[in-house]
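Enquirer: Got a predicted model here, sequence first, then my questions.
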Amino acid sequence: VTMVRVGSAPARAARRAKVFAITKGFYGKRKNCWSIAVRAAERSMQNNYIGRKLKKRDMRSLWITRINSGAREHGIGYSPMMHGLVQADVQLNRKVLSELAMHEPRTFQALTSLAKEQVAAAGSGLKQLS
């Protein structure tokens, strides 16, 4: 009794289904023509990878903009405020600070006044040394 040879059809179908699932919704032949869909899927995955990195960069930039805007309302810039908070050993990240600037203005005002005091104290200490 001889065994039946197994073809590559199931694996091939699974591989194609995986690629076509990625390219679902693409325009034109990019969604259903194998040779074009493979390249489109590869390119889209590269762009997804890049996009995940850019998203982090964009969010940090947004948080900094919000903190700067909130800080300027209270008469201090972003850089001196962050420096003052570091000196005061305030361990809040930029995401939390931006949320406070938007939704908790009184808390944020307290933080800006703390940062101002720290910057003023550090500045007066330097004047006394010289």
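Expert: The structure has been received and is ready for your questions. Since we're looking at a predicted model, the values are computed, not measured.
Enquirer: and Ile36, what helix or strand is that in?
Expert: helix 34-73 (DSSP states H and E).
Enquirer: what's the distance between that helix and the middle of its chain?
Expert: The chain centroid and the centroid of helix 34-73 are separated by 7 Å under CA atoms, centre = their mean, to the nearest Å.
Enquirer: State the next helix or strand along the chain beyond it.
Expert: Downstream of helix 34-73 (by DSSP H and E), the next one is helix 78-87.
Enquirer: Residues in contact with that next one: which ones?
Expert: 64, 67-68, 71-72, 76, 92, 97, 111-112, 114-119, 122 (CB atoms under 8 Å, 6 or more residues apart in numbering). For the C-beta atoms, the positions are set from N, CA and C on the backbone; glycine is no exception.
Enquirer: Can you tell me which of the residues you listed are buried?
Expert: Buried members of those, scored by 16 or more other CB atoms under 10 Å, are Ile67, Asn68, Ala71, Ile76, Leu97, Leu111, Thr112, Leu114, Ala115, Lys116, Gln118, Val119.
Enquirer: Compute the inter-axis angle for the helix holding Ile36 and helix 78-87.
Expert: Counting by axes from the mean of the first three to the mean of the last three CA atoms, to 10 degrees, helix 34-73 lies at 80 degrees to helix 78-87.
Enquirer: average pLDDT across helix 34-73?
Expert: Average pLDDT, helix 34-73: 97.
Enquirer: elements contacting that helix?
Expert: Judged by 3 or more CB pairs under 8 Å, 6 or more residues apart in numbering; DSSP states H and E, the packing partners of helix 34-73 are helix 9-22, helix 78-87, helix 94-103, helix 105-129.
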